[in-house]
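Trainee: structure for this input, please:
(2 chains)
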Number of protein chains: 2
Amino acid sequence: MAKDWTSSGVDLHLELDPAGGRRDALERALRDAIRSGRLGPGAVVPSTRALAAQLGVSRGTVTAAYDQLIAEGYLTARQGAATRVAETRSAETRSADPTKPTKPTEPMRPTEPARERPVPAPPGGPVWAGSWATAGTVAHDLRPGRPDLGTFPAAAWLRSTRRVLTAAGPEAHALSDPRGRPELRDALAGYLRRVRGVDADPARIVVTSGYAQGLGLLARVLGDAGTSAVAMEEPGHPYHRMIVARAGPRVVPLPVDGLGARTDLPVDAGAAVLTPAHQYPSGGTLAPDRRRAAAAWARDTGGLVVEDDYDGEFRYDRQPVGSLQGTAPGHVVYAGTASKTLAPALRLAWLVLPAALVEPVAEAKRLADAHTPSLGQLVLADLITGHAYDRHVRAARLRYRRRRDELVGALRRRAPHVRVQGVAAGLHALVLLPDDGPGEAEIMARAAARGLALQPLGEFWQCPDGRPPGLVVGYSTPLRSGYAAALDALCSVLRYKA
Amino acid sequence: MAKDWTSSGVDLHLELDPAGGRRDALERALRDAIRSGRLGPGAVVPSTRALAAQLGVSRGTVTAAYDQLIAEGYLTARQGAATRVAETRSAETRSADPTKPTKPTEPMRPTEPARERPVPAPPGGPVWAGSWATAGTVAHDLRPGRPDLGTFPAAAWLRSTRRVLTAAGPEAHALSDPRGRPELRDALAGYLRRVRGVDADPARIVVTSGYAQGLGLLARVLGDAGTSAVAMEEPGHPYHRMIVARAGPRVVPLPVDGLGARTDLPVDAGAAVLTPAHQYPSGGTLAPDRRRAAAAWARDTGGLVVEDDYDGEFRYDRQPVGSLQGTAPGHVVYAGTASKTLAPALRLAWLVLPAALVEPVAEAKRLADAHTPSLGQLVLADLITGHAYDRHVRAARLRYRRRRDELVGALRRRAPHVRVQGVAAGLHALVLLPDDGPGEAEIMARAAARGLALQPLGEFWQCPDGRPPGLVVGYSTPLRSGYAAALDALCSVLRYKA
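Mentor: Numbering: from 1, shown residues only, chains lettered A, B, ... in the order given. Sure thing, here's the model as predicted:
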């Protein structure tokens, strides 16, 4: 059915796809209109009552569709004001507002423009042993990078395994498409469109054994195609830098300030890896101008943006920040993972690729390990389509938000000299230490003495000299029963005096 | 306890480790004695009665230990004759006997000595689509490379999954050792020692996501360490050649004749990938002299042998051929997989490495994908330690042997002009076509018309010109219910006249 929509200065011909439910069709039509620019930034949309009457659907249907698009960052709503199309398709306009308390009150020290630096050796031992671990026994673990593993949904996983194994024909046990099982790619396409505003098509998804593998395959494909350098955020994840460098391309640092990666500067690389929703590890959100600059850079230079959306499901204080990929799907690879929502040991992640990259990345995956194990993929697909995945993520978001509040509260009371950043989302906080207090080495030594495992910010810099001292505190790792004690240890270790 | 053992001209001081059961201790002591050369090839071992009396154990214990070592190929027994230490630690002395019917009655045409050839492009589309598939619908699938997927032990897998998830602490869901879960490496070490005579230590095992990944990681590590060429069997698996070449080293062909890979010729490469138990695809067993030559080459040149034991569990007519690795563990990488015993979609395989390679291969694995998904590893470990894995393999061996017999019988009756090779083991047979009958192209065209998927031998050669025409027939793929019809189609397609 096609409806004309004239209201609030917006002229719009809205095509509702008759397949599927009305709410889905309305959401799709609105998304398409916003993406295509037919509904411009800041445009007021009709009241739910008016639109319901016009389309001949219930008001509840329109309200639900608006709520979904608000959650995805396409629309914004304020108490007592009209609902509008978001600026740059998300709520980031507000995240760039320096008066908001969760926003860094001043930019991190600006760094130099991107230029090549050697990739450092791995920082100590292998990651599984906790290269950044304090020596001795770990009594409390506040290192970042993993979810609360005590809440892994084992019962749901087992139920889905039974369902999948019961339904599976012999073909489920055979070698399959290197892109991954069609069941999972279908489920992911729907989920990512709905929750993250990704322009996702099952044919353009490649399931990988963790984000690390996806990044390595991409870097190899880019290197083979002539890309000699990849820009990566500074500070950023040293493991990811190593993976790219091992695949071939050089890693050039892309400085990060309080507005996110400096995509406004010239990027001297064929690709850039960004964490737009929640910069890792500093925790900021890429500002709207910077998002536009990243997309424009990719379009103008033929460069590729890799959007590492490692914890996009966990946003607490503002509306979700939609994916950058949704604004420039031909130039951005969207990368998501189950490592934070379920468990890293599952080794399940996914890339949503521009069409031209599907074949080379799938071939690289085939030569790497044929495909990701099928059973885990089928179980995850079952969890997503049965909504157990959504339920788990929602419950986890509440738990993490509560932990975040406890962390921020404890630090405010007991360590008021530190500055806490990046806590609007995700599973970690950046704790900046005052210049005149104990530094990273002193704090790490105190932590080791208490059996508290921490990760200093210094490990995230390619060039740590002269950087602000800090800690990257993961608040999701301790079991619930040990969280208060871990916070107590942290506050004690952070004390201003020796 | 230590016992002196003097019998049948063999002087031996046998150390029985008091830990574990007596049978285990006796087996270990015997293996060590044979491996170390203290018990030489052909040496007669004492009667079970004499040894039992000497060691103060039951005769049944000694009989069980002898049976195990016979199964592993360390000892040989013939009706009415004394039990002896096998020549080259396995039953291959007999497999090289040209009067045995399962042995090729004449060598395959000798090929040229190893020299470099370019690695060809992939033979058609991606492997999951069946690049070698006949056009049109597949009614019968006799392509090699996968087990009977209709017998995947779903109930046992589900039971073990429940057990594992119930027992798992949070740590089971965290990132772990890139070598793989300790539970699986422990289980594999015991299993491989027992069943394949591998010198296996959990610390030297790296679990990989399929053999393909393991081969790629090894090739990359060797390339990084300066190995510029890897010798691979000709004929051999084109997918494996592509994986090695993509990792860096050149692939040089290692010719295969009726006695297996020509390890007696100079090997101009830093490493050689062999399939000693059952050459892929020609099906022969590497002759004892060739095994010795391979080990001597590795020792003398510092080269590395990769032993691809892809179907070592499935041996029908002779005693199992023990692993080559067991004879030269410092120079051979043993590679095994669950792809043939359970299902390729599990993507579970393992490397047993010389000590010096553990660290670099584990680091390559870490940078590739951190580690293989934990849950599948824990389930496989549970299946092995609970003996469900052994039971499944035993039952599968009986089924495949019956299929093999049906295939050989049908071809003898209905296509007596073809020659069948390599059927003493594994899940496939080499069917050589007569020079004066229809060639591969003609047979493939006939097969396509009947919806029969086959793989021509020509696809396994780097240089197919002038090679004998043939087919590699996988007899494990059709479901039980469709097997007779598949054989009927094959015999009809192989008819001598047009």
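Trainee: which elements pack onto the helix or strand containing A:Val358?
Mentor: Assessed by DSSP states H and E, A:Val358 sits inside helix A:355-369. For helix A:355-369, the elements it packs on are strand A:205-208, helix A:211-224, helix B:211-224, helix B:238-247, judged by 3 or more C-beta pairs under 8 Å, 6 or more residues apart in numbering or on different chains; DSSP states H and E. Every residue, glycine included, has its C-beta placed from N, CA and C.
Trainee: how about a markdown table for these, with mean neighbour count, distance to B:Arg315 and mean pLDDT added?
Mentor: Shown next, in a markdown table, are these (neighbours: other C-beta atoms under 10 Å in any protein chain shown; distance: least, C-beta to C-beta, whole Å; pLDDT from 0 to 100):
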| stretch | mean neighbour count | distance to B:Arg315 | mean pLDDT |
| --- | --- | --- | --- |
| strand A:205-208 | 28 | 36 | 98 |
| helix A:211-224 | 24 | 35 | 98 |
| helix B:211-224 | 24 | 19 | 98 |
| helix B:238-247 | 21 | 22 | 96 |
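Trainee: between these, which one is closest to B:Tyr191.
Mentor: Each of the helices and strands packed on helix A:355-369 was scored for nearness to B:Tyr191 using C-beta to C-beta, and the closest is helix B:211-224 (16.5 Å).
Trainee: just the CA atoms of the helix holding A:Val358, as PDB, please.
Mentor: Extracted as PDB, the C-alpha positions of helix A:355-369 are listed here (Å, rounded to 0.1, in the frame of the first residue of the first chain):
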ATOM      1  CA  ALA A 355      29.200  -5.900  -2.000                       C
ATOM      2  CA  ALA A 356      32.700  -5.800  -3.600                       C
ATOM      3  CA  LEU A 357      34.400  -7.200  -0.600                       C
ATOM      4  CA  VAL A 358      32.100 -10.200   0.000                       C
ATOM      5  CA  GLU A 359      33.800 -12.500  -2.500                       C
ATOM      6  CA  PRO A 360      37.500 -11.800  -1.500                       C
ATOM      7  CA  VAL A 361      36.700 -11.900   2.300                       C
ATOM      8  CA  ALA A 362      34.700 -15.200   1.900                       C
ATOM      9  CA  GLU A 363      37.600 -16.700  -0.100                       C
ATOM     10  CA  ALA A 364      40.100 -15.600   2.600                       C
ATOM     11  CA  LYS A 365      37.800 -17.200   5.200                       C
ATOM     12  CA  ARG A 366      37.600 -20.400   3.200                       C
ATOM     13  CA  LEU A 367      41.400 -20.600   3.000                       C
ATOM     14  CA  ALA A 368      41.800 -19.700   6.700                       C
ATOM     15  CA  ASP A 369      39.500 -22.400   8.200                       C
END
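Trainee: from A:Ala212, how far off is the closest residue to A:Pro178 other than its chain neighbours?
Mentor: Spatial nearest neighbour of A:Pro178, chain neighbours left out: A:Arg366 (3.9 Å); criterion: C-beta to C-beta, 6 or more residues apart in numbering or on different chains. Using C-beta to C-beta, to the nearest Å, A:Arg366 is found at 18 Å from A:Ala212.
Trainee: likewise for A:Ala82?
Mentor: 45 Å.
Trainee: may I see the helices and strands packed on helix A:355-369 organised as a markdown table, with distance to B:Ala25 added?
Mentor: Output for those, formatted as a markdown table (distance: least, C-beta to C-beta, whole Å):
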| stretch | distance to B:Ala25 |
| --- | --- |
| strand A:205-208 | 46 |
| helix A:211-224 | 43 |
| helix B:211-224 | 32 |
| helix B:238-247 | 39 |
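Trainee: contact residues of the stretch 351-498 of chain A facing chain B?
Mentor: By C-beta under 8 Å from any C-beta of the partner chain, the residues of the stretch 351-498 of chain A that approach chain B are A:362-363, A:366-376, A:479.
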